[in-house]
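# Just a sequence and a predicted model for now, questions to come.
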Amino acid sequence: MSAAELQAPEIPVETATKPMEPPAEDPELVAGAAKLSLEDATEEAAKLKAEGNDAFKSKAYSEAVEKYSKALAALKEAEADPDPVILSNRSGGCRGCSRRKRSGSSLMVSTVAAYIMLQRYVPALRDAQQAGELRPDFWKAFWRQGVALMRMTPKKFRSRAAIAAFEKCAQCSDLPESKVRDVNAELAKARARLAEQEADTPMPEQCRPS
């Protein structure tokens, strides 16, 4: 056999450059895949949260933050599904809306607890505020807002915000009876600190008695 015969056959230009068309997708299969993806994301979030809890118990707080953050990302991915039933979560039309909001807010306050142990009070406050927006009657969200604010550098605006957070916490219907005394004690501390700050504030020159 000659060398010419051993050469690879020349591919026609038309065949080489023409893009392959993807196979037609079955709508039912696509819908099933999206649903499975939602279930997988929810399972992954639960698994990561459990791993985060274990890390927190072991005082590996940075690892706990990482696990909780990944779990939140998985939940957000699940909620980003374009299915109108899921999109209606925002207006309360989804049967599973409350459950997913509870999951997200619980993960956030878990992350807050880890941030507080790491003395990272700014991200702790941010996540606690987001948890409170998700669940306006969630006592842990407002409790940890107040705790984070009281551990930051003392400022009057932070004392006021802490007072508001503890007052909101005290009004939450899910606040356990065993925590009422703690909330009232921290509220009293925040009010006392603000009173001291107000007393230490110098009076403006034009307001001083002559």
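Arrived safely, thanks for sending. Only a predicted model underlies this, so the values are computations on that prediction, with no experimental measurement involved.
# ok, how many other residues are close to the closest residue to residue 118 other than its chain neighbours?
Spatial nearest neighbour of residue 118, chain neighbours left out: residue 61 (5.0 Å); criterion: C-beta to C-beta, 6 or more residues apart in numbering. Bear in mind the C-beta positions are built from the backbone N, C-alpha and C, glycine included. For residue 61, the neighbour count with other C-beta atoms under 10 Å is 19.
# and residue 61, what is it in contact with?
Applying C-beta atoms under 8 Å, 6 or more residues apart in numbering to residue 61 gives the contacts 55, 114-115, 117-118.
# Please tell me how far residue 45 sits from residue 118.
Using C-beta to C-beta, to the nearest Å, residue 45 is found at 22 Å from residue 118.
# what about these two, which has more around it?
residue 45 (24 against 14).
# isn't that one right up against residue 74?
Yes. Here residue 45 reaches residue 74: they are 4.1 Å apart, a contact under C-beta atoms under 8 Å.
# Name the helix or strand for residue 136, please.
For residue 136, there is no host helix or strand (DSSP states H and E).
# please begin residue numbering at 32 from this point
With the count now opening at 32, the last piece we talked about shows up as residue 167.
# Run a quick neighbour tally on it.
Neighbour tally, residue 167, other C-beta under 10 Å: 12.
# same thing with residue 216?
Around residue 216 there are 11 residues (other C-beta under 10 Å).
# so it is in which element?
Per DSSP H and E: helix 211-231 holds residue 216.
# From the contact counts, what lies against that helix?
On a contact count with 3 or more C-beta pairs under 8 Å, 6 or more residues apart in numbering; DSSP states H and E, helix 211-231 meets helix 170-182, helix 187-202.
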